[in-house]
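Participant: coordinates for the following, if possible.
(2 chains)
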Amino acid sequence: MFDGFLNDLKHMNKRQFLYQVLCFGMIISSALMVWKGLMVFSGSKSPIVAVLSGSMEPAFHRGDILFLTNYEEEPVRVGEIVVFKIEGRDIPIVHRILKLHEKSNGTIKFLTKGDNNSVDDRALYAPGQQWLEKSAMVGRARGFLPYVGIVTILMNEYPKIKYAVLACLGLCVLLHRE
Amino acid sequence: MHSLLSRGNSVLAYTLSVLVTLTFACFLSTILVDYRTGTEMKTLKIEVKNLPEYGVSKKINDLGHITFNLETDLTSLFNWNVKQLFVYMTAEYETPTNALNQVVLWDKIILRGENSNLRLRNMRTKYYFWDDGNGLRGNKNVTLTLSYNIIPNVGRLPIVGAIGSHTFSFPSQYTR
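Facilitator: Down below sits the predicted model:
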């Protein structure tokens, strides 16, 4: 089969090869456009996240997918599931708001807790930090899709799989003749 | 032509498309469901103390103590696209420091098949009722509401407020 690929490559002329490269570029750039478009549409920096931990079980398990929005005009309220980032931690956390205090000028501070954790998140925050502010919020969970995110988790944990998949896809696109 | 690879490929593709279609149909079938239902709440013992919130800060804040009754039947909320309910009771009030305060006092996870007809008597709160300052003593307008977050098998994650609330006031003296 691999000989076939090589044969194909040999018989391709330059123009055809360039055309395939362009096609490949189109696919990548349209994927990027969809992602950036979703960012604009949802108002969130990462509109789709995979759940990485079991702290929201039994609602969300590892590998489930959440769709986020982060509209400024929608007030933040208690009970909402928010995704937030903490200084000094790379991985965003998905937890539920337990307490919220809003000043008359609209600034808010809130405390979160995982459904499956017995205590609130103060121990997870930066040392000395007692509350989260709106700037820490990446988005609010609006939609739920089970299991699908396990693919990205596997790819991130075993980078070899990721490179293998990427290489296969790349070869297929480059060598596929219309 | 009909190699093992191509057969496997088409079986896999077909399975995936069937699964995607069914999942999407499941999502669509419950998109317009009205999940509202009623609840009755009552407070029994109401006290307010003034203490430092140990382990958090040395600032002295108001701490409310309440016990409550709660009645609600959530059985009707479960349809084929409801995996779990996250039910929570919130105290909402206004203080001189904050225009809006929301504190969750009690919550419960109800999985499909578990008892969802809640008849709670003389319950203590699950979480401490700390205010952000000293705005609980003598507060005349603290409202308890019940809300639930519906966790589906697939689809939206609506938060619905139950119809019915309970308003109470805190005493004007601290309990020692």
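
Participant: what about the helices in chain A?
Facilitator: A:2-11, A:14-42, A:150-157, A:159-175 (DSSP state H).

Participant: quick one: low-confidence parts of the chain?
Facilitator: You didn't pick a chain, so chain A it is. A:1-12, A:176-178 (pLDDT under 70).

Participant: can you look at chain B instead?
Facilitator: Looking at chain B by pLDDT under 70, you get B:1.

Participant: what does it have sitting close to chain A?
Facilitator: By the rule Cβ under 8 Å from any Cβ of the partner chain, the part of chain B lying against chain A is B:23, B:56-57, B:83-84, B:86, B:88, B:90, B:97-104, B:109, B:111, B:127, B:130, B:132, B:147, B:149, B:151-157, B:159. (Glycine included, C-beta is placed from N, CA and C.)

Participant: out of the residues you listed, which are buried?
Facilitator: B:23, B:83-84, B:86, B:88, B:90, B:98, B:100-104, B:109, B:127, B:130, B:132, B:147, B:149, B:151-157, B:159 (16 or more other Cβ atoms under 10 Å in any protein chain shown).

Participant: contacts only, for the residue lying closest to residue A:83 once chain neighbours are set aside.
Facilitator: Excluding its sequence neighbours, the residue lying closest to residue A:83 (Cβ to Cβ, 6 or more residues apart in numbering or on different chains) is residue A:138, at 4.4 Å. Taking Cβ atoms under 8 Å, 6 or more residues apart in numbering or on different chains, we find residue A:138 in contact with A:44-46, A:49, A:68, A:70, A:82-85, A:92.

Participant: and what of residue A:108?
Facilitator: A:76, A:100-102, A:133-134.

Participant: so who does residue 119 touch?
Facilitator: Because you didn't say which chain, this covers chain A. Going by Cβ under 8 Å, 6+ apart, residue A:119 touches residue A:113.

Participant: um, chain B though
Facilitator: residue B:71.

Participant: do residue A:140 as well
Facilitator: A:68-70, A:74, A:76, A:80-83.

Participant: tell me the centre residue of chain A?
Facilitator: Nearest to the geometric centre of chain A sits residue A:49, at 3.2 Å (Cα atoms, centre = their mean).

Participant: separation between that one and residue A:142?
Facilitator: 12 Å (Cβ to Cβ, to the nearest Å).

Participant: hey, what's in contact with both of those two?
Facilitator: Common neighbours of residue A:49 and residue A:142 (Cβ under 8 Å, 6+ apart) are A:66, A:68.

Participant: which residue is nearest the middle of chain B?
Facilitator: Judging by Cα atoms, centre = their mean, chain B has its centre closest to residue B:88, at 2.8 Å.

Participant: just the buried ones among the residues of chain B next to chain A: which are in strands?
Facilitator: B:84, B:86, B:88, B:90, B:100-104, B:109, B:130, B:147, B:149, B:151, B:155-156, B:159 (DSSP state E).

Participant: residue B:5 is in what secondary structure piece?
Facilitator: Assessed by DSSP states H and E, residue B:5 sits inside helix B:4-29.

Participant: partners of the following helix or strand past that helix, with directions?
Facilitator: Next helix or strand after helix B:4-29 toward the C-terminus (DSSP H and E): strand B:40-52. Paired strands of strand B:40-52, with direction, are strand B:60-73 (antiparallel) (DSSP bridges).

Participant: just the CA trace of the strand it pairs with, in CSV.
Facilitator: The C-alpha coordinates for strand B:60-73 follow below in CSV (Å, rounded to 0.1, in the frame of the first residue of the first chain):
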residue,chain,number,x,y,z
ILE,B,60,-15.7,39.4,61.8
ASN,B,61,-18.7,38.6,59.7
ASP,B,62,-22.4,37.8,60.3
LEU,B,63,-23.3,34.1,60.4
GLY,B,64,-26.9,33.1,59.9
HIS,B,65,-28.3,29.9,61.4
ILE,B,66,-31.6,28.7,60.1
THR,B,67,-33.5,25.4,60.0
PHE,B,68,-36.1,24.9,57.3
ASN,B,69,-38.9,22.8,55.9
LEU,B,70,-39.0,22.1,52.1
GLU,B,71,-41.6,20.4,50.1
THR,B,72,-41.3,19.8,46.4
ASP,B,73,-42.1,17.0,43.9
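
Participant: which other helices and strands does the helix holding residue B:5 contact?
Facilitator: Under the contact criterion of 3 or more Cβ pairs under 8 Å, 6 or more residues apart in numbering or on different chains; DSSP states H and E, helix B:4-29 touches strand B:155-156.

Participant: okay, now the sheet partners of the strand it packs on, with direction.
Facilitator: Going by DSSP bridges, the partners of strand B:155-156 are strand A:137-145 (antiparallel).

Participant: tilt between the partner strand and helix B:4-29?
Facilitator: Per axes from the mean of the first three to the mean of the last three Cα atoms, to 10 degrees, the angle that strand A:137-145 makes with helix B:4-29 is 110 degrees.

Participant: how far away is the residue nearest to residue A:83 from residue A:43?
Facilitator: Taken as Cβ to Cβ, the span from residue A:138 to residue A:43 is 11 Å.

Participant: what do these two both touch?
Facilitator: Taking Cβ under 8 Å, 6+ apart as the criterion, residue A:138 and residue A:43 both touch residue A:70.
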